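A.B. asks: Just need the structure, nothing else, for what follows:
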Amino acid sequence: MFKEIRKKKNIITIEEIKEVLKKARRGVLSINDEEYPYSIPINFYYDENKEEIYFHSSRIGTKVDLLNKDNKVCFVAIGKEIIKDLSWAPYVDSVVVFGRCNLIKDRDETLQALKKFAMKYYPSEEMVDEEIKVGSIGVAIYKIEIEHKSGKIVQEK
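C.D. replies: Below you'll find the model as predicted:
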């Protein structure tokens, strides 16, 4: 069902894939639309144990409308550029994830996921707890249940 990476020498290991997903600060979420794919940059949190990706959202809008119609998504995260061998052209890791994306409906699960997500971006747990206390009422948390992931490293030249 999912295609393999064509250039085998560019494939990165599962551990390297997980590192990109843990460390990347942003990714691009692509959702099916009737005419064109709809892609948007998002902040996200990767839960290695559950093999899920979480992101926050409003409860209304194009993204939400499209996810309600079709929950199949593609998500891309890009790692840091790495200079090797004194080359002018950097190497870049990237990860592509396919999965199904759904709104978390349980309030406790939403708050737990929101805290994990926020801890990736905020400098302290105290700030996270305060922000959740003040601003969590209208927040929706979605999770992507990963069905397939692959990664590769390419040199940008």
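A.B. asks: Go ahead and flag the most central residue of the protein.
C.D. replies: Centroid-nearest residue in the chain: residue 44, 4.8 Å away (criterion: CA atoms, centre = their mean).
A.B. asks: Relative to residue 131, how far out is it?
C.D. replies: Distance of residue 44 to residue 131, computed by CB to CB, to the nearest Å: 17 Å. Glycine gets a C-beta too; all of them are placed from N, C-alpha and C.
A.B. asks: quick one on the thing from earlier: find the helix or strand that the spatially closest residue to the residue nearest to the centre of the chain that is not a sequence neighbour is a member of.
C.D. replies: Distance criterion CB to CB, 6 or more residues apart in numbering; nearest residue to residue 44, sequence neighbours excluded, is residue 55 at 4.6 Å. Here residue 55, judged by DSSP states H and E, is contained in strand 52-57.
A.B. asks: And residue 129, by the same measure?
C.D. replies: Following DSSP H and E, one finds residue 129 within helix 125-135.
A.B. asks: and for the helix or strand of the chain with the lowest mean pLDDT, what are the contacting residues?
C.D. replies: The weakest-scoring helix or strand in the chain, judged by mean pLDDT, DSSP states H and E, is helix 125-135 (a mean of 91). For helix 125-135, contacts defined as CB atoms under 8 Å, 6 or more residues apart in numbering pick out 111, 114, 115, 118, 119, 122.
A.B. asks: you'd agree the second one is up against residue 137?
C.D. replies: In other words, residue 114. No: contact criterion CB atoms under 8 Å: residue 114 and residue 137 do not qualify, at 11.2 Å.
A.B. asks: more neighbours, these two?
C.D. replies: Using other CB atoms under 10 Å, the more surrounded residue of residue 114 and residue 137 is residue 114, with 22 against 7.
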